[in-house]
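> Okay, structure incoming, though there's no sequence with it:
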Ligand SMILES: Nc1ncnc2c1ncn2[C@@H]1O[C@H](COP(=O)(O)OP(=O)(O)OP(=O)(O)O)[C@@H](O)[C@H]1O
């Protein structure tokens, strides 16, 4: 990383990097966020590499249960990589290599015994672009539980008197209500999901994620492709979900992080976690000068 020396107004000198960030030694205390209650996820010394490139550097942080944690930082600082490492989605990228531990309810998900299907059922994911299946609204919800063997509405099940159609109806209604979509779609559950608006499709994807009963929902910029009204609905929904679920959300939108999250982690260039604290503290009185510069728009 190249840099230019500059003299700050307080007389100290510092380095300006090519990204516009001022070089500053990161203090561990800035990311040692203390909270009441249990950590749902506990990350310790996490490094992620793509080939020889390191995208996440020695990140440690505890994520409290039943709350919203926002991950913010400039483009390319590793937010999505970090998010994907929380349910081992990086395993799907051939060049990705992960070191360190991520404990989920006290169990290291990178230990040898992890069942990835079960892990991703309990730690679900919602992506930037809504990606419903090209199936009916109902089938989008029941697909996961059917696949996991929790719902059976087949002819054989009917013949054997073990038909779960009533359970399926109840599940579809519960999930669509939880995702604040029921009132808009309950008359057309058998219509193709691709006929919904972008915002409705994203809420359907959230409902689909809820259908397999997760504990944690990871969201990667879930509203960035949506208009302001659809975005507001997703933001309200995220806040409501935090009553029952642990939500971790990557966002480029700092106002959004400030509105919806309980705690905010700021990643900066090179995949470092620079500061992690209550959202109010991060936005009103951060410890790091670099975080202050980023929040006030001096770079990023
Ligand atoms: N599949 C991949 N293969 C190789 N390098 C990758 C891959 N995904 C991400 N990277 C690299 O890892 C670094 C972190 O990327 P990542 O997408 O995690 O950052 P980000 O903060 O989420 O960025 P953005 O805000 O632009 O989405 C970048 O240098 C990126 O080029």
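Looks like it arrived, so ask away. Only a predicted model underlies this, so the values are computations on that prediction, with no experimental measurement involved. Numbers count the residues shown, from 1 in each chain.

> which residues does residue 192 form a beta bridge with?
Beta-bridge pairing for residue 192 (DSSP bridges): residue 136.

> Roughly how far does it sit from the ligand?
30 Å (CB to the nearest ligand atom, to the nearest Å). Backbone N, C-alpha and C define where each C-beta goes, glycine included.

> Repeat that for residue 189.
34 Å.

> What pairs with the strand or helix carrying residue 275, parallel or antiparallel?
Using DSSP states H and E, residue 275 sits within strand 272-278. Taking DSSP bridges as the criterion, strand 272-278 forms sheet pairs with strand 263-268 (antiparallel).

> Do the strand it pairs with and the ligand come into contact?
No. Using CB under 6 Å from any ligand atom, strand 263-268 never reaches the ligand; the gap is at least 6.5 Å.

> ok so, going back, buried residues, the strand holding residue 275. List them.
Residues of strand 272-278 classed as buried by neighbour count (16 or more other CB atoms under 10 Å): 272-277.

> now do stretch 279-292
279, 282-283, 286-292.

> Can you convert these into JSON lines and add a column each for distance to residue 30?
Formatted as JSON lines, the buried residues of stretch 279-292 follow (distance: CB to CB, whole Å):
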{"residue": "279", "distance to residue 30": "15"}
{"residue": "282", "distance to residue 30": "10"}
{"residue": "283", "distance to residue 30": "14"}
{"residue": "286", "distance to residue 30": "8"}
{"residue": "287", "distance to residue 30": "5"}
{"residue": "288", "distance to residue 30": "6"}
{"residue": "289", "distance to residue 30": "11"}
{"residue": "290", "distance to residue 30": "10"}
{"residue": "291", "distance to residue 30": "8"}
{"residue": "292", "distance to residue 30": "12"}
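
> Check the residues you listed and tell me the two furthest apart.
279 and 289 (19.0 Å; CB to CB).

> Check which helix or strand residue 231 maps to.
Residue 231 is part of helix 228-241 when elements are defined by DSSP H and E.

> thinking in terms of the whole chain, how far from its middle is that helix?
How far helix 228-241 lies from its chain's middle: 14 Å, per CA atoms, centre = their mean, to the nearest Å.

> Can you list the buried residues in that helix?
For helix 228-241, by 16+ other CB under 10 Å, it's 230-231, 233-235, 237-238, 241.

> what about the nearest residue to residue 222 once chain neighbours are set aside, distance to the ligand?
The shortest distance from residue 222 to any residue other than its chain neighbours is 5.1 Å, reached at residue 126 (CB to CB, 6 or more residues apart in numbering). Taking CB to the nearest ligand atom as the measure, residue 126 falls 15 Å from the ligand.
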